[in-house]
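Chemist: need coordinates for the below:
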Amino acid sequence: MGILNATPDSFSDGGTFFDKISAIRHADAMIEQGASIIDVGGESTRPGADPVDAQEQIRRTLPVVEHLAQAGAVVSIDTTSADVARAAIGAGATIINDVSAGRDDAEMFPLAAKSDAAIVLMHMLGSPKTMQQEPVYSDVVSDVLSFLEKRAEAAVRAGIERSRILLDVGIGFGKTLEHNLELLREHRRFADRGYATVLGTSRKGFLGSLTKRPAAAERVMGTAATIAWGITNGADILRVHDVREMREVVDVILAIRCSSTPLKLKQ
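Modeler: Numbering: from 1, shown residues only. Below is the predicted model of the structure:
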């Protein structure tokens, strides 16, 4: 899943793809580099970010969604607003990526059920504005797992088929460094719950802490390590900025996993 932030203030590439032409060119490039899905967002969810109203999100994202859908791409809309999701689905998006797991807008689950769109339910403690202000859990893995299972059950009750529900542990969304590491260590527990999973670690701050890389764009190798770990621990979709590099990581891991032919070494 290639990340396309049509925003002026996202943590890694805010402003880089804010205008329509740059956004479309970047989306096309990510598809060429091996992205299976393009996740288009018009509102930053970085720590401390302010909300963006639905009409502005639609203005930022709709031209890109329309272009990608017409080109035959699988498009995800990254939003907590049912109005934004509705507009994107009308333009051809088939996945809703909701970082609030349907809590911010009561119309989101009915929309997903009616439209047959898939929906990503992510765990976040608080809101982007407040989520990194001393996050505390009794047991981060158990707490996040319980939350996601309850939100998935609510989605099923709203009429969304289980096969169209995806879970995301929300790395970096109201978590300390150790919380993030613990969720990664135990990711298999989430993958074994019967839902597809999405993992988003790309360029995030905890990787900067571990690798001493303050600039987000310099965290490619740290990201690659988490992608390799994630795919071997049940992650089905990897949400990334650096598509070419992470596509190679995925391809190698899948080749190792699927290979049944032993290597023949020269004597």
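Chemist: quick check, L125 in contact with V169.
Modeler: No: in this structure L125 lies outside contact range of V169 using C-beta atoms under 8 Å: 11.6 Å. Just so you know, the C-beta spots here come from the backbone N, C-alpha and C atoms, and that holds for glycine as well.
Chemist: those two - which one has more neighbours?
Modeler: Counted by other C-beta atoms under 10 Å, L125 and V169 do not tie: V169 has more neighbours, with 30 against 20.
Chemist: got the confidence number for the more buried one?
Modeler: V169 carries a pLDDT value of 98.
Chemist: and stretch 86-94, how far out from the chain's middle?
Modeler: 18 Å (C-alpha atoms, centre = their mean, to the nearest Å).
Chemist: quick one: average confidence on that stretch?
Modeler: The average pLDDT within stretch 86-94 is 98.
Chemist: with stretch 194-211 instead?
Modeler: The model assigns stretch 194-211 a mean pLDDT of 97.
Chemist: okay, it in CSV with CA atoms only?
Modeler: Only the C-alpha atoms of stretch 194-211 are listed here, as CSV (Å, rounded to 0.1, in the frame of the first residue of the first chain):
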residue,chain,number,x,y,z
GLY,A,194,-9.4,-14.2,11.5
TYR,A,195,-9.1,-10.8,9.9
ALA,A,196,-6.7,-9.5,7.4
THR,A,197,-4.1,-7.1,8.9
VAL,A,198,-2.5,-3.8,7.8
LEU,A,199,0.9,-2.7,9.2
GLY,A,200,2.1,0.9,9.0
THR,A,201,5.6,1.5,10.3
SER,A,202,7.0,3.5,7.4
ARG,A,203,9.5,6.2,8.4
LYS,A,204,7.9,6.6,11.9
GLY,A,205,9.5,8.3,14.8
PHE,A,206,10.3,5.2,16.8
LEU,A,207,12.5,4.1,14.0
GLY,A,208,14.4,7.4,14.2
SER,A,209,14.9,6.8,17.9
LEU,A,210,16.3,3.3,17.3
THR,A,211,18.5,4.2,14.4
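Chemist: next, the buried residues of that stretch.
Modeler: Buried residues in stretch 194-211, counted by 16 or more other C-beta atoms under 10 Å: 195-208.
Chemist: the closest residue in space to S202 that isn't next to it in sequence: how many residues sit nearby?
Modeler: Distances taken as C-beta to C-beta, 6 or more residues apart in numbering place V240 nearest to S202, at 4.4 Å, with adjacent residues excluded. Per other C-beta under 10 Å, the neighbour tally for V240 reads 28.
Chemist: so V240 sits against I227, correct?
Modeler: Yes: using C-beta under 8 Å, V240 is in contact with I227, at 6.9 Å.
Chemist: quickly list what's touching both of these two.
Modeler: M246 (C-beta atoms under 8 Å, 6 or more residues apart in numbering).
Chemist: sorry, back to before: widest-spaced pair of the buried residues of stretch 194-211?
Modeler: Using C-beta to C-beta, the pair of these lying farthest apart is Y195 and G208, separated by 29.9 Å.
Chemist: for this protein, which spans come out with low pLDDT?
Modeler: 9-18, 259-267 (pLDDT under 70).
Chemist: tell me where it has strands.
Modeler: 2-5, 37-41, 74-78, 95-98, 118-122, 165-168, 196-199, 237-238 (DSSP state E).
Chemist: out of those, which is closest to V84?
Modeler: V84 sits nearest to strand 74-78 of all the strands of the chain, at 6.5 Å, using C-beta to C-beta.
Chemist: tell me what the closest one is packed against?
Modeler: Packing contacts for strand 74-78, counted by 3 or more C-beta pairs under 8 Å, 6 or more residues apart in numbering; DSSP states H and E, involve strand 37-41, helix 54-70, helix 82-90, strand 95-98.
Chemist: those: which one's closest to M1?
Modeler: Nearest of those (C-beta to C-beta): strand 37-41, 4.3 Å.
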